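Enquirer: task: produce atomic coordinates for the following.
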Amino acid sequence: MWREGRELWLRALLTCTIGACSILGDFGLKYGKNEPERAVFDNMTHATVGGLTWTLIVVLSRKPLVRNLSSIFSCFLLASFIDLDHFIAARSWHIHDATHLQKRPFLHCTTVPIALWIFFIVLSNTFHSPILEHTSWVILASFLSHHIRDGTRRGLWFCPFGSTRPIPYYLYVSLSMFLPYILYWLMSLHTFAEKNNGNTLDK
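Expert: So this is what the prediction gives:
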């Protein structure tokens, strides 16, 4: 009973922390003193939200946090590294060039993580590899946490179909907070489907 209560409080704390971090990150982006400071603050917010997203997924899965620090750190780093495509598209390491592109760079297309997720899921099912399946979910979590936050300005970009309208602020914060629950639910569905397929084959 005590353990369940502790897990409930931890879930609530992490959920609220994701929302608070998103809001604080937006304040830093808006009121930063200069362009490099705003860019660093924005990127660190992406990284922190990504790491917190996977942390909450681990808690929801009732797995030990200590044993999953590597995957949490991976999600943290990947959510940050996505912004490197700004410099690749600008062909420059100058912050001004990277933040004043005419169009969004390739890793900010939401079709990319969905395609990667499907690719790794298919590979994991084909080769029965839990590592590949785990990688697919880390990729999806890090990219979606990043894209949802960016979506308040330009919407979500689903190449080649186009972009959605900018995500309303309240919806963006809510989506960021509940993304771990959505992904955990999808992961549970996939695991359940795998078990059913395994049972069918056994029979």
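Enquirer: show me what the one helix or strand Gly5 maps to is packed up against.
Expert: Taking DSSP states H and E as the criterion, Gly5 maps to helix 2-31. Contact here means 3 or more C-beta pairs under 8 Å, 6 or more residues apart in numbering; DSSP states H and E; on that basis helix 2-31 packs against helix 35-60, helix 169-202. Placement of C-beta: from N, CA and C, glycine included.
Enquirer: mean pLDDT lowest where, among those?
Expert: The stretch with the lowest mean pLDDT among those is helix 169-202, at a mean of 78.
Enquirer: give me the distance from stretch 34-46 to the chain's centre.
Expert: Stretch 34-46 has its C-alpha centroid displaced from the chain centroid by 18 Å (C-alpha atoms, centre = their mean, to the nearest Å).
Enquirer: contacts for it, please.
Expert: Here stretch 34-46 makes contact (C-beta atoms under 8 Å, 6 or more residues apart in numbering) with 21-22, 24-26, 28-29, 32, 79-80, 82-83, 95-96, 98-99, 145-146, 149.
Enquirer: let's see that with 10 Å instead.
Expert: The contact list for stretch 34-46, computed with C-beta atoms under 10 Å, 6 or more residues apart in numbering, reads 21-32, 76, 78-84, 86, 94-96, 98-100, 142, 145-147, 149-150.
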